[in-house]
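Novice: Next come a sequence and a model predicted from it.
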Amino acid sequence: MRGCSGLTLMQLIMALIVLAVLVIIGFSIYTNYINKAKIIMATNVLDKAGRSILNYQMDNGTYPANIDFTSCLDGQGRNVFSSEICNQLKEDLSSIESYFIIDNNYVLTARARDSKHTILILKEGKIITK
């Protein structure tokens, strides 16, 4: 045999295994980054919604008894959210689980659009992530 230069089959397989491991690690990091970003977006839109609910309370003297989140109107047909915030609620949240008044304050529960559908609770202007 002459002096053959090149890679053996075993060397190629090892190189492919290392490459596959790097791709898996990179994909995992990317997925976690995207999920965190979706939770942050949901938190931001809930914060805006909370400020809108407080503005509603200042204008009307009480929190809305109920909210139709498809039209963003209260039970009496008054706007609770601007159209921009209403659209953000629909785009950045997976779902709105509940809205109710308790002890003269509101509680809004929603799910983020991340892979785990993280629960976010807006209560007294503070957002709790579960």
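Specialist: Ah, there it is. Predicted model only: the values in this text are computed from it and were never measured.
Novice: going forward, measure contacts and count neighbours with C-alpha atoms only.
Specialist: Noted.
Novice: Tell me which other helices or strands the strand ranked longest in the chain touches.
Specialist: As assigned by DSSP state E, the longest strand anywhere in the chain is strand 93-102. On a contact count with 3 or more Cα pairs under 8 Å, 6 or more residues apart in numbering; DSSP states H and E, strand 93-102 meets strand 105-112.
Novice: which strands and helices sit next to the strand it packs on?
Specialist: Under the contact criterion of 3+ Cα pairs under 8 Å, 6+ apart, strand 105-112 touches helix 9-60, strand 93-102, strand 119-123.
Novice: Would you mind listing the outside residues contacting stretch 30-49?
Specialist: Residues from elsewhere that reach stretch 30-49 (Cα atoms under 8 Å, 6 or more residues apart in numbering): 81, 85, 88-89, 92-93, 112-115, 118, 120, 122, 125-127.
Novice: thinking again about what came up before, quick one, the longest strand of the chain and helix 9-60 angle?
Specialist: 30 degrees (axes from the mean of the first three to the mean of the last three Cα atoms, to 10 degrees).
Novice: Could you list the paired strands of strand 93-102 along with their orientation?
Specialist: Paired neighbours of strand 93-102 in the sheet (DSSP bridges): strand 105-112 (antiparallel).
Novice: ok, and for the strand it pairs with, which residues are buried?
Specialist: For strand 105-112, burial by neighbour count (16 or more other Cα atoms under 10 Å) applies to Y106, V107, L108, T109, A110, R111, A112.
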